[in-house]
Structures are given as C-alpha cells and as structure tokens.
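1. sequence? don't have it. structure:
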C-alpha cells in the first residue's frame, strides 16, 4: 500500500504527471493512428529481424492505443510509468479493461527499458511473443474505446478526482 501512495503522490505532483483535462476525440483519433503506424513499423522491423525495433514498435503500438483511451476520458500523462500505473488504478480496478491488458503493457515496457538502457538480451522468442500480441492487444483496446459509455467516463473521472484528493495532501 505504501508504494501505491508514493506512486500516486508522485504522479499527481510531478510536472507531466497525471492531470484531468477535457476528453478530446481529435486526440483519440491521433493516438489511434499513431498506434496503427507503430504496428506498420513493427511489421517492417520483424521482416528485417531488428529485435530492438521490434520491442520499441510493439511497445509503442500498445502504449499509443492505451493513451487514446486516456484521451477519451480526459486524462493527460506525459510519464509512461504514471500512465501505466493509472491504467491499473483507474481502468482495471473499475473493470473497464481486464488485468491482462495492463500486465501486457507493463511487460512490454519492462522489456523495452531493459533492452534499451541495460542492454539485456531477452531472446528472440520473448521479443517476438510481444510483437505477435500487439495487433490483437490494439484491437481489444480500440474496441473498449469505441464502446466506452458516458457512465464509464464519469466513473473514471470521479475515481481520478477521489484518488487525487486522497494522495495529493
């Protein structure tokens, strides 16, 4: 529980952290398109067997579609860790998305960071597994975005405000 408190406190107070904004359909569409673009680049990286780019593009395809979900409800976050943390705390905990979506995005980020910053070799099988999951992951999240009700948006925004009040003291 202490870690959660620290994560929320950090994400609510940090510049570029979690902020409530007006929902923005234009940005929803921009981030959907960015996700599709990353999936196109993923195909090229797989064709050339560029494992670092496979990790990057599969992660960004997933991240961008999740960020489109954030724009749909009006949550801004410029810090990836805060976005992923809020994905669980707001969307999974409210049963809007399933836990597997959160876990897959978290795993993809951990692999990308490990490879990029620590030169860890995760093996082609693990890298390709993340890549193979990416298109279906994006379709699932896009369907959630397209079917999100006004009540769901209200619930997420209300929980956001409650958490901000609770952890931003």
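-> Structure received. From a predicted model like this one, the values you see are computed outputs, not experimental measurements. Numbering: from 1, shown residues only.
2. which helices and strands sit right next to the strand or helix carrying residue 111?
-> Element membership of residue 111, judged by DSSP states H and E, is helix 99-118. Packed against helix 99-118 by the contact rule (3 or more C-beta pairs under 8 Å, 6 or more residues apart in numbering; DSSP states H and E) you find helix 51-73, helix 80-86, helix 124-147. From N, CA and C alone the C-beta is placed, and that goes for glycine too.
3. give me the number of residues near the closest residue to residue 24 other than its chain neighbours?
-> Nearest non-adjacent residue to residue 24, counting by C-beta to C-beta, 6 or more residues apart in numbering: residue 71, 5.1 Å away. By other C-beta atoms under 10 Å, 22 other residues sit near residue 71.
4. Over to residue 162?
-> Using other C-beta under 10 Å, residue 162 has 10 other residues around it.
5. Next: residue 91.
-> Neighbours of residue 91 under the rule other C-beta under 10 Å: 27.
6. From residue 105, how far out is it?
-> Computed as C-beta to C-beta, to the nearest Å, the residue 91 to residue 105 distance reads 11 Å.
7. what mean pLDDT does the helix holding residue 111 have?
-> Mean per-residue pLDDT for helix 99-118: 84.
8. So which residues make contact with it?
-> Residues outside helix 99-118 that contact it (C-beta atoms under 8 Å, 6 or more residues apart in numbering) are 51-52, 55-56, 58-59, 62-63, 66, 80, 84, 87-88, 91-92, 120-122, 126-127, 130, 133, 137, 140-141.
9. Switch the helices and strands packed on helix 99-118 over to JSON lines; also include distance to residue 38.
-> As requested, these are exported to JSON lines (distance: least, C-beta to C-beta, whole Å):
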{"stretch": "helix 51-73", "distance to residue 38": "4"}
{"stretch": "helix 80-86", "distance to residue 38": "14"}
{"stretch": "helix 124-147", "distance to residue 38": "8"}
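10. Could you dump these into CSV and include mean pLDDT and distance to residue 110?
-> Converted to CSV, these look like this (pLDDT from 0 to 100; distance: least, C-beta to C-beta, whole Å):
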stretch, mean pLDDT, distance to residue 110
helix 51-73, 95, 10
helix 80-86, 94, 10
helix 124-147, 92, 10
